[in-house]
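> compute the structure for the input listed below.
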Amino acid sequence: MELKNIDLKKKDFQKYFVFRHIRNWSLISLPLLLIMVVIAFIYRTIYIGFDFLNACYLITFFVAIIYIFTIFKLSKSYENKPYDLRMDKGIYEIRRKNENNRLVTTFKKDLKDFLFFDENKEYYFLFPEKNTTFIIPKNMLSGEDKKYFEAQINKKIEKRKTPWLSRIFNIILSISAILFSVFFLIGVF
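Numbering: from 1, shown residues only. Next comes the predicted model:
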């Protein structure tokens, strides 16, 4: 199987990050926690003055904003860098053009050495390493290529399963963020 000129756009990466954060509930908890931190910062500054706890609130807020900014920057840095994907007998190979405009292999690995894969209705997400993700739009694959691709990844890679402890922690964090945000907004604290 060979796919030529796969060109991911910024929206493809953003959809991946949204999918990942919806999966672990942080899409709900992160904005609410940021709202809570801002409200707590304003409240403490008005009634107590600026102190060490306010500095912690401010640092937490800026770290979260930097995280969100890096997601957008990372998405932008990978867009419009077309690549060719070749897969034969479970060997996953990415080819990109170098400075001489020649196709060179930039990544080659057997699928059995990947950690896991995930998918939604639009994309496949392959994880060769914990912090590396290959995004493959499903609409790039023809019917025959799609069957071959799915057979290879199902045979060699396990589908990602979020550990139950992680799910419970993220759900508790999200519910806490919702409750604390509501309490802050109605003035309980």
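
> how much space is there between residue 69 and residue 12?
19 Å (Cβ to Cβ, to the nearest Å). (Each C-beta comes from the backbone N, C-alpha and C, glycine too.)

> swap that for residue 112, sorry
Residue 112 is 26 Å from residue 12, by Cβ to Cβ.

> which residue of those two possesses the greater neighbour count?
Remark: of residue 112 and residue 12, residue 12 carries more neighbours, 18 against 11, as counted by other Cβ atoms under 10 Å.

> name the element the more buried one belongs to?
Using DSSP states H and E, residue 12 falls within helix 10-23.

> same deal with residue 67?
Using DSSP H and E, the element containing residue 67 is helix 52-78.

> who are the packing partners of that helix?
In terms of contacts (3 or more Cβ pairs under 8 Å, 6 or more residues apart in numbering; DSSP states H and E), helix 52-78 is packed against helix 10-23, helix 26-47.

> so for residue 150, which of the ones you listed sits nearest?
Residue 150 sits nearest to helix 10-23 of all those, at 18.3 Å, using Cβ to Cβ.

> export stretch 107-117 as PDB, just CAs?
The C-alpha trace of stretch 107-117 is given here as PDB (Å, rounded to 0.1, in the frame of the first residue of the first chain):
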ATOM      1  CA  PHE A 107      10.700   7.200   9.500                       C
ATOM      2  CA  LYS A 108      10.700   3.400   9.100                       C
ATOM      3  CA  LYS A 109       9.400   1.000  11.700                       C
ATOM      4  CA  ASP A 110       7.600  -2.300  12.000                       C
ATOM      5  CA  LEU A 111       4.000  -1.800  13.200                       C
ATOM      6  CA  LYS A 112       4.500  -4.400  15.900                       C
ATOM      7  CA  ASP A 113       7.000  -2.000  17.600                       C
ATOM      8  CA  PHE A 114       4.300   0.800  17.900                       C
ATOM      9  CA  LEU A 115       2.800   1.300  21.300                       C
ATOM     10  CA  PHE A 116      -0.900   1.500  20.200                       C
ATOM     11  CA  PHE A 117      -3.300   3.100  17.800                       C
END
